[in-house]
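> Here is my input; please provide its structure:
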Amino acid sequence: PADQAARGWPDTVIAKTYRKDSKGRNAYEGMLALWRTHLAEGKVVRMAEPLAYIPEHKVMVQGPIAGDASLEDMLKAALADDTPDSYAQLSMYMIRAAAGLAAFHQSGVVHGAAVTLDERWAELHDLQARLGTAVPELRGAVAPLLAALEARSAASPADAPVPTHGTFNPEQVLIDGPHVGFIDFDDFSMAEPALDVGLFIAAIKDIGMNALSDEQAHDLAARRARLARLDQIGDVFLTFYERLAPISRERVALWQAWSYLRDTLHFWIKAKPAEPDNGLLMLVGQLQSMNLLPATDLREVAVNAERVRRRTGIPTARYQAFASALLAGIAVKADELAELLGVVLPFV
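Predicted coordinates for the structure are as follows:
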């Protein structure tokens, strides 16, 4: 359009198509609101300039954003290299991403629908019902855990809503020399800052666990070591963020728990026995860090597991029931827990 041409568009533009008009409009209007703030200067974080939205084609036109790699690429490279230098460089960019997110959250923009954790718990109730349909033995098994998480959520009020990305993860952080840029504002909304921070940390762990080699992915010790490393990386991001903006660590933990439980339920519903259940491993670690699940003595489990392996004729449904009991935080006898960790996990 002539009015847009008069603004002096850049030589290179990007056209992004949407399946839903509402998504396209939301992204364009949210980015436009951000572009009217100090963030347009690009001093802390870079964002593409929104140029136009064409509703009849559900197409948004935006300016370019520099970056030949993403923070996800750097995360995978650092884990593969596994050296102090690679982790130091990764930490530097995690800090820059945290600074960019804090600036975004404090921009003062008000745009998009309100999103709450209560709504997301409701999604998990729906997934729990689907799991009960797929595996009747597990009907209602997750209910105690959901109730415990919802109680913790009710006891820890959310921070005031801020403009949020909605699906923030390392893939959406572009790297250009010393600069970082954010992309993909399709789910721009108003929510507590813990939504973006919690889901970002959860994404760090998901990416890192999925980057394990086939041999590592089936080695419980290797998976736990990788998860410990990813916890350190995520804490670098969170620690620097909270220096710049107020945030509740309890709420961050709750959003992480929501993400891991969602992934675990999807895993069980889709029945992927050939793949490692990273969601469950991350969920157990998160629940233990929140004191919602007791720590496990793996040495005792290993001894009991050898005894359990001699058993025969134990139906698969029992393995499913034990896994669901652990997932739900229900007390499990030591030999039954050994049966779960010593027999089931090696196969998944």
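> Quick check: next helix or strand after the biggest helix by length in the chain?
In the chain, with assignment by DSSP state H, the single longest helix is helix 220-244. Downstream of helix 220-244, the next assigned helix or strand under DSSP states H and E is helix 249-270.
> tell me what that following helix is packed against?
Judged by 3 or more CB pairs under 8 Å, 6 or more residues apart in numbering; DSSP states H and E, helix 249-270 is in contact with helix 117-134, helix 143-155, helix 193-210, helix 220-244, helix 278-289. C-beta: built from backbone N, CA, C; applies to glycine.
> Now do the longest helix of the chain, average pLDDT.
Helix 220-244 shows a mean pLDDT of 96.
> Counting neighbours, which bits of that helix end up buried?
Neighbour counts over helix 220-244 (16 or more other CB atoms under 10 Å) mark 223, 226-227, 229-231, 233-234, 236-238, 240-242, 244 as buried.
> Identify the residues contacting it?
75, 79, 87, 90-91, 94-95, 97-99, 101-103, 106, 197, 200-201, 204-205, 208-209, 212, 215-217, 247, 249, 252, 276, 278, 281-282, 285, 345-346 (CB atoms under 8 Å, 6 or more residues apart in numbering).
> Any idea what residue 190 is bridged to?
residue 114, residue 163 (DSSP bridges).
> between the longest helix of the chain and helix 278-289, what angle do the directions make?
Relative orientation of helix 220-244 versus helix 278-289 (axes from the mean of the first three to the mean of the last three CA atoms, to 10 degrees): 60 degrees.
> For the remainder of this discussion, apply numbering that starts at 772.
Noted, 772 is the first residue going forward, which turns the last one into helix 991-1015.
> how far off helix 1020-1041 does helix 991-1015 point, in degrees?
140 degrees.
> quick check, distance from helix 991-1015 to the centre of its chain.
Chain-centre distance of helix 991-1015: 13 Å, with CA atoms, centre = their mean, to the nearest Å.
> again, but for stretch 781-794
Centroid separation between stretch 781-794 and its chain, computed with CA atoms, centre = their mean, is 25 Å.
> what mean pLDDT does it have?
Computed over stretch 781-794, the average pLDDT equals 91.
> Show residues contacting it.
Contacts of stretch 781-794 (CB under 8 Å, 6+ apart): 795, 798, 819-820, 822, 826, 828-835, 957.
> can you do 10 Å?
For stretch 781-794, the external contacting residues (CB atoms under 10 Å, 6 or more residues apart in numbering) are 795-799, 819-820, 822-836, 884, 954-955, 957-959.
> Going through those residues, which ones are buried?
For the contacts of stretch 781-794, buried by 16+ other CB under 10 Å: 795, 797-799, 819-820, 822-824, 829, 831-834, 836, 954-955, 957-959.
> Next step: the residues you listed restricted to helices.
Per DSSP H, the buried ones among the contacts of stretch 781-794 map to helices at 795, 797-799.
> that older thread, ChimeraX command for the buried members of the contacts of helix 991-1015?
The buried residues among the contacts of helix 991-1015 can be selected in ChimeraX (16+ other CB under 10 Å) with this line:
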select :846,850,858,861,862,865,866,868,869,870,872,873,874,877,968,971,972,975,976,979,980,983,988,1018,1023,1047,1049,1052,1053,1056,1116
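> on that earlier part again, just give me the closest of the ones in helices among the buried ones among the contacts of stretch 781-794 to residue 806.
residue 799 (10.3 Å; CB to CB).
> quick one, what contacts the residue lying closest to that closest one once chain neighbours are set aside?
Leaving aside its sequence neighbours, residue 799 sits nearest to residue 824 (CB to CB, 6 or more residues apart in numbering; 4.0 Å). Under the criterion of CB under 10 Å, 6+ apart, the neighbours of residue 824 are 787, 789, 792, 795-796, 798-800, 802-803, 830-833.
> Throw those into TSV and include distance to residue 1063, thanks.
Listed next are these as TSV, based on distance: CB to CB, whole Å:
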residue	distance to residue 1063
787	41
789	39
792	41
795	40
796	40
798	36
799	41
800	39
802	38
803	42
830	46
831	42
832	47
833	43
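> What is the nearest of the residues you listed to residue 1038?
residue 789 (29.0 Å).
> Can you pull the phi/psi pair for that closest one?
phi -130, psi 150 (degrees, to the nearest 10).
> how many neighbours does it have?
18 (other CB atoms under 10 Å).
> and what of residue 1064?
19.
> element containing it?
With secondary structure defined by DSSP H and E, residue 1064 is part of neither a helix nor a strand.
> so what's the backbone phi/psi at it?
Taking degrees, to the nearest 10, you get phi -150, psi 130 for the backbone angles of residue 1064.
> pretty sure it contacts residue 916?
Yes - with contact defined as CB atoms under 10 Å, residue 1064 counts as touching residue 916 (8.8 Å).
> picking that back up, and of the buried residues of helix 991-1015, the nearest to residue 935?
residue 1012 (13.1 Å).
> Give me the distance between that closest one and residue 960.
19 Å (CB to CB, to the nearest Å).
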